[in-house]
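Asker: this one's sequence-less:
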């Protein structure tokens, strides 16, 4: 089996990533409350791709960084990511993640909410250790965008007329904000120029948007691998994502009625997801969605052009293709 | 009707408190998501005593502070407080707060969780505007203690053998940590000496502990005023607080069986809260609890001795008596 670019990145940055894992294990502990380490550890030790820490470490390595602040930053972004996952799983009533039962199922909603808050607070403690006002400001903006995006997503649920612009606000918040912050802070601590950190910010932004569009597409098309995510969830939860927005815009009257019944009114029966797929395929919406993701993947790549050549840069470049290839 | 010391504090600091309210209204807005302002505003505009911002502003005023950083800090601590309330009400399934229906009832759990996260992120943005590593460090520690205390509270629920020390860890986290941070940061920005900020920290810590013990006592004894809190909730939710810990330690075998049935096993009927009260009264536990609170109120006062005299100091001193007087 050929190695994925994520595995190559993990291998090439394995020494730093081991440090990140050690730091996370140390900082997720609470002297007084065992439950915290159990709940946080259940999720964090389940692995996941560690994509955000990889982006931080790689972004620092692009500029030959020799210090240790990128380790802390990588732990920060992974803590924030896992905190939002704990809260998301409560909000979405999810029962599986990373091929394991979710904390809200194994423990309860209370523990997931409060341990999520704990991880946020530990992320906060770690980031102030970097002693850099600029980094704090990037991460504060990113945190605000994340929670704004999450609430925006709630408030557009079931709204079939969601403008494309609003969809982008949502996915910028829920996904791209932390990708871009990971790249921007990693390059910033490494002493990149302002122009270079902006390029890395834009790279992360476009990669994150691409990543989330593909995620939303996978929810309709599925993939052969084990994403630990069930196909059809967004439809069941009446989430309005890119495939639906595109489909509804060009829908026939009959199709409009179908979407209004299943999404707006939530009247769904067992065959409806299958029907939904047929409509989407008939309109060529899945391909359109894929092509939009591909465009963002290209935008991500373009931002790497102005960065000094290196093996790490090649891997970050390949990552753009990998993110869209999850579907093909 | 005589004015309470809280009303006197509010009057004496009314100009600053107006600024705090304006700043909070401005910073709880989201350009893109109306829902955020609705949910956050529902809670924040409901008023409440604004005790934590009052502590911050008063602590700065003790040292004749002339700047504007205390306004930001006051908004920060009130945002953090309201974020934890939004999460607590989901965790406790509460339906009323501040004499209004809770956000989790008026909207849903999802909105309360995510708008809580939003308030945390806005608090974070505001606090880095103070541009002070020391303040960030105080608030980061405080945030970590808060969420640790909240999870600890979860994990001791139903455990009648909870050590007193653990109870203190819980209430230090859930209440005192933000009281002490409010006082410490307020005095710190005002240029107080290290000794003075430590005194203010200890004042806030003791006041917060006293406040929470009285809160836990009120859950059994009730008070004439409208606290917006239902008597008997802790018993129903099987929360182990000071009255129960004291009662169980000296309980007869029959009483032990009663507590084990109602708290450990959760087998409660309509008459049980009444029985619980009789046991507590028979053992003199409510008085014992009150006396412990009174002791913490005295500790709070003692820490003010080393602070320069002023009208504000007198009010902070009276506040210690007021906090215990809520019960009498």
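Answerer: Received it, and whenever you're ready, just let me know what you need. Keep in mind that what you see is a predicted model, and the values were worked out from it rather than measured.
Asker: tell me the contacts of the residue nearest to residue A:139 when sequence neighbours are not counted?
Answerer: For residue A:139, ignoring the flanking residues on the chain, the nearest one in space by CB to CB, 6 or more residues apart in numbering or on different chains is residue A:127 at 5.4 Å. All C-beta spots, glycine's among them, are computed from the backbone N, C-alpha and C. For residue A:127, the contacting residues are A:72, A:73, A:76, A:135, A:136, A:139, by CB atoms under 8 Å, 6 or more residues apart in numbering or on different chains.
Asker: Where does the residue lying closest to the first one once chain neighbours are set aside sit: helix, strand or coil?
Answerer: The shortest distance from residue A:72 to any residue other than its chain neighbours is 5.3 Å, reached at residue A:126 (CB to CB, 6+ apart). Classification of residue A:126 using DSSP: H, G, I helix; E, B strand; the rest coil returns helix.
Asker: give the contact list for residue A:283.
Answerer: A:246, A:247, A:250, A:251.
Asker: show me where chain A has strands.
Answerer: Under the criterion DSSP state E, strands of chain A are mapped to A:96-97, A:100-101.
Asker: Most tightly packed of these?
Answerer: Burial of these is given as mean neighbour count (mean count of other CB atoms under 10 Å in any protein chain shown); strand A:96-97 ranks first at a mean of 18.
Asker: which sections of chain A are below the confidence cut-off?
Answerer: Confidence mapping of chain A against pLDDT under 70 gives the ranges A:1-2, A:222-230, A:327-328.
Asker: got the contact list for the spatially closest residue to residue A:241 that is not a sequence neighbour?
Answerer: Closest residue to residue A:241 apart from its sequence neighbours, by CB to CB, 6+ apart: residue A:216 at 3.9 Å. Counting by CB under 8 Å, 6+ apart, residue A:216 makes contact with A:171, A:234, A:241, A:242, A:243, A:289.
Asker: ok, the residues you listed vs chain B, which is closest?
Answerer: Distance to chain B, by CB to the nearest CB, is smallest for residue A:171 among those, at 13.0 Å.
Asker: ok, the closest one to residue A:164 distance?
Answerer: Distance, residue A:171 to residue A:164, by CB to CB, to the nearest Å: 11 Å.
Asker: Which one's more surrounded, those two?
Answerer: residue A:171 (23 against 12; other CB atoms under 10 Å in any protein chain shown).
Asker: Disregarding flanking residues, what is the spatial nearest neighbour of the more buried one?
Answerer: Closest to residue A:171 by CB to CB, 6+ apart is residue A:212, at 4.1 Å.
Asker: Hmm, that neighbour is touching residue A:175, no?
Answerer: Yes. Counting by CB atoms under 8 Å, residue A:212 does reach residue A:175; the two are 4.0 Å apart.
Asker: Quick check: residues of the stretch 151-300 of chain A near chain B?
Answerer: Proximity of the stretch 151-300 of chain A to chain B is confined to A:151, A:152, A:154, A:155, A:166, A:169 under the rule CB under 8 Å from any CB of the partner chain.
Asker: hmm, try it at 10 Å
Answerer: A:151, A:152, A:153, A:154, A:155, A:156, A:157, A:165, A:166, A:169, A:170, A:173 (CB under 10 Å from any CB of the partner chain).
Asker: Tell me which of the residues you listed fall in helices.
Answerer: Applying DSSP state H to those, the entries found in helices are A:151, A:152, A:153, A:154, A:155, A:156, A:165, A:166, A:169, A:170.
Asker: How many neighbouring residues does the second one have?
Answerer: Residue A:152 has 26 neighbouring residues, counting by other CB under 10 Å.
Asker: Equivalent analysis for the fourth one, please.
Answerer: Residue A:154: 21 surrounding residues under other CB under 10 Å.
Asker: If you drop the residues flanking it in sequence, what lies closest to it?
Answerer: For residue A:154, the spatially nearest residue (CB to CB, 6+ apart) is residue B:110, at 5.6 Å.
Asker: mind listing what the one you found touches?
Answerer: A:87-88, A:90-93, A:150-151, A:153-154, A:157, B:90, B:104 (CB atoms under 10 Å, 6 or more residues apart in numbering or on different chains).
Asker: Okay then, goodbye and thanks.
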